[in-house]
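[1] sequence first, predicted coordinates after that:
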Amino acid sequence: MKIVVAIDGPAGAGKSTIAKALADQLKLRYLDTGAMYRAVTFAALDRQVELNDEQAVAKIARECIMQIDDDSISIDGVDATKAIRGQEVTRAVSVVATNSLVRTELRNRQRRWVDENSGGVVEGRDIGSVVFPDATLKVYLTASPMVRAQRRVAQSGGDVDQIAREISERDQRDSSRSDSPLMKTNDSITIDTSNRPIDEVVMQLRRLVSQNEPAVDAQG
Ligand code: DC
């Protein structure tokens, strides 16, 4: 029986850390869909394609060979693992994420990835709402804006007030776009990770997955 855990939420809510740990414990693979939007953005910047040219950026999304592993990503043979976390890509990615043609292509790739891996823990913004509406478990992770900014600074450095402003602008763009905005679904469980140890959240999710897992056929 295929297990799919959808983990959505804003930047800095703890999605990656929690999704990776949960995948590890459930012996599933982990997919960071934000890295896919970032990789397309990286390729567009690298090739000097105008980001507002929706067709040109979508062509990259459709035609690229994207190799995604747990800790690395390459696009058309170029290792983009580090570059996709840089400021240039981080500032530009939400423009690419509003491109519906890109979204359609990346969603298809995400569904194929889950089929090929017989399930997985998938993190993003529209995973429970659009990509896998029938996921075994849907989780919406959140944290206070200050905690989220502090986590980003601890990861990549920078000034906490400026990072907080950038995060809030990105949240605003992610939540207000017309195609699959960041939102909670009625059937998702919301967890505020501001003051909770990661291990405790992972344990809670593990329990919820086993409660939601489809029962194995009694004959089988
Ligand atoms: O999670 P992240 O910061 O790496 O995501 C990068 C950008 O991609 C961010 O602006 C949100 C967007 N995104 C999205 O629109 N849909 C997803 N499923 C994942 C990320």
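    Nice, thanks for sending it over.

[2] for Val122, name its beta-bridge partners.
    Ala6, Leu31 (DSSP bridges).

[3] looks like it contacts Thr33 (just checking).
    Yes - with contacts counted by Cβ atoms under 8 Å, Val122 reaches Thr33, the gap being 6.3 Å. Where you see a C-beta, it was placed from the backbone N, CA and C, and this is true even at glycine.

[4] neighbour count for the two, which is higher?
    Using other Cβ atoms under 10 Å, the more surrounded residue of Val122 and Thr33 is Val122, with 28 against 23.

[5] any idea how far the more buried one lies from the ligand?
    8 Å (Cβ to the nearest ligand atom, to the nearest Å).

[6] partner strands of the helix or strand containing Ile191, with direction?
    According to DSSP states H and E, Ile191 maps onto strand 189-192. Looking at strand 189-192 with DSSP bridges, its partner strands are strand 137-142 (parallel).

[7] burial check on Arg151, number of neighbours?
    19.

[8] how about Met66?
    18.

[9] and what of Asn52?
    11.

[10] quick check, pLDDT for Met1.
    At Met1, the model reports a pLDDT of 74.

[11] how close does it sit to the ligand?
    Counting by Cβ to the nearest ligand atom - Met1 and the ligand are separated by 24 Å.

[12] same question, Asp79
    17 Å.

[13] residue numbers of this structure in contact with the ligand?
    Within the chain, the positions lying close to the ligand (Cβ under 6 Å from any ligand atom) are 11, 33-34, 37-38, 93-94, 97, 124-127, 170, 174.

[14] in space, what's closest to the most centrally placed residue in the chain - neighbours in sequence excluded?
    Centroid-nearest residue in the chain: Gly124, 2.4 Å away (criterion: Cα atoms, centre = their mean). Excluding its sequence neighbours, the residue lying closest to Gly124 (Cβ to Cβ, 6 or more residues apart in numbering) is Thr33, at 3.6 Å.

[15] which ones are touching the one you found?
    106, 110, 122-125, 127, 131 (Cβ atoms under 8 Å, 6 or more residues apart in numbering).

[16] look up how far Val202 lies from it.
    In this view, Thr33 and Val202 are 20 Å apart by Cβ to Cβ, to the nearest Å.

[17] repeat for Gly14
    Taking Cβ to Cβ, one finds Gly14 at 10 Å from Val202.

[18] ok, Asp179 next?
    31 Å.

[19] same question, Gly34
    From Gly34 over to Val202 (counting by Cβ to Cβ), the distance is 20 Å.

[20] same check on Ala83?
    Counting by Cβ to Cβ - Ala83 and Val202 are separated by 29 Å.

[21] how about the backbone phi and psi for the closest residue to Arg125 other than its chain neighbours?
    Nearest residue to Arg125, sequence neighbours excluded (Cβ to Cβ, 6+ apart): Leu182, at 4.2 Å. When read as degrees, to the nearest 10, the backbone of Leu182 gives phi -60, psi 120.
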